[in-house]
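A.B. asks: missing the sequence, but the structure's below:
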């Protein structure tokens, strides 16, 4: 990727990103929805005490068996 990618649309149209998303079975619409939810939560101070999404390495570790045995 280059530093010229500024928007989500540009990022999602990047061929390398599309290949990775296809491999991981991630749909652009689902990713957009997830990011919209995250943006909404970031601006909502009342959710500070709510649980947050764990870091990617924690999620990956918990899904490792599922990914390996497809």
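C.D. replies: Nice, thanks for sending it over. Just so it is clear, the model here is predicted, and its values are computed rather than measured. Numbering: from 1, shown residues only.
A.B. asks: name the residue closest to the centre of this protein, please.
C.D. replies: Centroid-nearest residue in the chain: residue 31, 5.6 Å away (criterion: Cα atoms, centre = their mean).
A.B. asks: pull the distance from the helix or strand in which that one is found to the chain's centre.
C.D. replies: Per DSSP states H and E, residue 31 falls inside helix 28-42. Its chain's average C-alpha position is 8 Å from that of helix 28-42, according to Cα atoms, centre = their mean, to the nearest Å.
A.B. asks: give the rounded mean pLDDT of it.
C.D. replies: Helix 28-42 shows a mean pLDDT of 85.
A.B. asks: need the helix or strand of this structure with the lowest average pLDDT.
C.D. replies: helix 56-68 (a mean of 70; mean pLDDT, DSSP states H and E).
A.B. asks: mind listing what the residue nearest to the centre of the chain touches?
C.D. replies: 12, 21 (Cβ atoms under 8 Å, 6 or more residues apart in numbering). Just so you know, the C-beta spots here come from the backbone N, C-alpha and C atoms, and that holds for glycine as well.
A.B. asks: how much space between it and residue 61?
C.D. replies: For residue 31, the distance to residue 61 (Cβ to Cβ, to the nearest Å) stands at 21 Å.
A.B. asks: how about residue 42?
C.D. replies: 25 Å.
A.B. asks: again with residue 39
C.D. replies: Residue 39 is 26 Å from residue 61, by Cβ to Cβ.
A.B. asks: for residue 28, same thing?
C.D. replies: Per Cβ to Cβ, residue 28 is found 26 Å from residue 61.
A.B. asks: and the two? Which one has more around it.
C.D. replies: Legend: neighbour count by other Cβ atoms under 10 Å for residue 28 and residue 61, higher for residue 28 (15 against 11).
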